[in-house]
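Chemist: make a model of this:
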Amino acid sequence: MGGEGDGVIRLDDGGVLHVAGALPGETVRLRAGPEGPVLDEVLAPSPSRRPPPCPHFGTCGGCVLQHWDGDSALAWKVERLRATLALERLETEILPVFRTAPGRRRRAALHVRRGSSRAEARIGFKARKSWSLVDIDVCAVLDPAIVRALPALRRLAAPLLEHPKSAPSLHVTVTDDGLDVDVTGVEARSGGLSADARQEVAALAAEAGLARLTLAGDILFQQRQPSLRIGRARVALPAGAFLQADPAAEAAMVAEARFAVEGARRIADLFCGLGAFTFPLAEVAPVLAMDGSAPAIRALAAAVATAPGLHGVTAEARDLFRRPLSAVELKRIDAVVFDPPRAGALAQAAEIAQSGAARVVGVSCNPATFARDARRLVDGGFRLERIRPVDQFLWSSHLELVAVFSR
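Modeler: Numbers count the residues shown, from 1 in each chain. A predicted model of the protein is given here:
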């Protein structure tokens, strides 16, 4: 299997073919396609091949592994993780994988294209390795609340195509107060949406029962403030706020981090976002929470007042890529949790390695950049104790993780 979930065929002349939908050990017939070979027929299927649960599988680019038995796919992901760690000369205990379930993804970016008339729009995900749109009416991954809303979102999306160069995306989030939708990709050079289109979209949002609709953060409609319970806090979400995709996966990651820092006297939560880790960690010890998103920090700080019994939270907006928290600033911190974007946080890891912290929890959605950052921590005297893989993005090739370091 290739890194993107495609079957790899090694040719006698040393060449390699990548074939979407093929599994290890299978005999397949291929046909020529515009972008390379395409699976035409499986002549001898793998024992681990399964019928895909979604009718859009094979055309929609959102899932790549629905045809593979879950245990086999997870074993492959874990072996890829081991190999990635080995490239940085890292070995550790890998705990059993936390497995997400179908219908649990609470946020999605749905792309919009023109339908057959002005009143119609197509909505869905991009095809695999293509800009073409797959118009979906069901999805085995998404929270049922998003799937039920697809017809209403399709109607709402049509006026967003007012300008011929617009290519909108609807960033939909399931909150405790209903669906929160932030629109991006609307052509702005002509002034964005007209007043009539804004009124039409707002009326359709009300008809759909949305909690809020924003256009690149600008509120077009709101009848309820979207919020989530995070630990003991009630957090009001900024428009387009980042959340972990699956609340159950988030809870599993938080549990690992909280267990690892038990007994700490002061904790730093870096790249904290809205406080998914901050509020549970503050039940253990005072927390210094930092993130580059000022709206997220404002929402976190405001939510502290809704969370009784915490040891204290200090929240600060800071670009940790340009200005990582230094070893000197970490002087009074004895436990650090950091959850950077896919690019990782090498500069911040270097400062943590030079600090006096005794326990570190690294959360990552990219094993390659995690391994690079982990190497820096290990070179600084930490021991990589264990990793909990988290299969949050069901039927994808991605694997997330929570790692515990100590010294």
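
Chemist: what does the one helix or strand A303 maps to contact?
Modeler: When elements are defined using DSSP states H and E, A303 is found to belong to helix 294-303. Outside of helix 294-303, the residues that reach it under the criterion Cβ atoms under 8 Å, 6 or more residues apart in numbering are 230, 233-239, 241-242, 272-275, 278-279, 289-291, 313, 315-317. C-beta coordinates here come from the backbone N, C-alpha and C atoms, glycine included.

Chemist: distance of G62 relative to R383?
Modeler: Taken as Cβ to Cβ, to the nearest Å, the spacing of G62 relative to R383 amounts to 38 Å.

Chemist: of these two, who's got more company?
Modeler: Neighbours per residue (other Cβ atoms under 10 Å) separate G62 from R383, with G62 holding more: 25 against 11.

Chemist: now do the contacts for the residue nearest to that one when sequence neighbours are not counted.
Modeler: Closest residue in space to G62, ignoring its immediate chain neighbours: F125 at 4.4 Å, by Cβ to Cβ, 6 or more residues apart in numbering. With contacts defined as Cβ under 8 Å, 6+ apart, the neighbours of F125 are C60, G61, G62, L110, H111, L133, V134, I136.

Chemist: could you measure the last one against R104, distance?
Modeler: To tie it back to what came earlier, the one meant is I136. I136 sits 17 Å away from R104 when distances are taken as Cβ to Cβ.

Chemist: for the two, indicate the residue with more neighbours.
Modeler: Counted by other Cβ under 10 Å, I136 and R104 do not tie: I136 has more neighbours, with 21 against 18.

Chemist: hmm, back to that, cross the contacts of helix 294-303 against strands and list the overlap.
Modeler: Among the contacts of helix 294-303, the members falling in strands (DSSP state E) are I230, A233, R234, V235, A236, A289, M290, D291, V313, A315, E316, A317.

Chemist: the second one against G275, yeah?
Modeler: In this case it means A233. Yes. Under the criterion of Cβ atoms under 8 Å, A233 is in contact with G275, at a separation of 6.7 Å.

Chemist: what about those two, which has more around it?
Modeler: When A233 and G275 are compared on other Cβ under 10 Å, the one with more neighbours turns out to be G275, at 29 against 25.

Chemist: what are the phi and psi angles of G312?
Modeler: phi 120, psi 140 (degrees, to the nearest 10).

Chemist: try I352
Modeler: Main-chain torsions, I352, degrees, to the nearest 10: phi -60, psi -40.

Chemist: can we start the residue count at 55 from this point?
Modeler: Shifting the count to begin at 55 puts that one at I406.

Chemist: for the protein, which spans come out with low pLDDT?
Modeler: Across the chain, the stretches falling below the confidence threshold (pLDDT under 70) are 173, 241-245.

Chemist: tabulate the ones in strands among the contacts of helix 348-357 (CSV), appending distance to A422.
Modeler: Formatted as CSV, the entries for the ones in strands among the contacts of helix 348-357 read as follows, by distance: Cβ to Cβ, whole Å:
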residue, distance to A422
I284, 29
A287, 33
R288, 36
V289, 31
A290, 35
A343, 27
M344, 24
D345, 23
V367, 32
A369, 30
E370, 29
A371, 28
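
Chemist: what is the nearest of the residues you listed to L214?
Modeler: Here the nearest of these to L214, counting by Cβ to Cβ, is A290; it sits at 25.2 Å.

Chemist: isn't the closest one up against P280?
Modeler: Yes. Contact status for A290 versus P280: in contact at 7.3 Å, counting by Cβ under 8 Å.

Chemist: ok, those two, which is more surrounded?
Modeler: A count of neighbours by other Cβ under 10 Å puts P280 above the other of A290 and P280, at 24 against 17.

Chemist: ok, now which ones touch the more buried one?
Modeler: Listed by Cβ under 8 Å, 6+ apart, the contact partners of P280 are T227, T229, D230, D231, G232, D234, A265, R266, A290, L291.

Chemist: what about the last one, neighbour count?
Modeler: The number of residues packed around L291, counting by other Cβ under 10 Å, is 24.

Chemist: and the closest residue in space to C193 that isn't next to it in sequence, helix, strand or coil?
Modeler: Counting by Cβ to Cβ, 6+ apart, the nearest residue to C193 once its immediate chain neighbours are dropped is V201, at 5.6 Å. For V201, the secondary-structure state derived from DSSP: H, G, I helix; E, B strand; the rest coil is helix.

Chemist: give me the neighbour count for V201.
Modeler: A count of neighbours around V201, defined by other Cβ under 10 Å, yields 17.

Chemist: much appreciated, bye for now.
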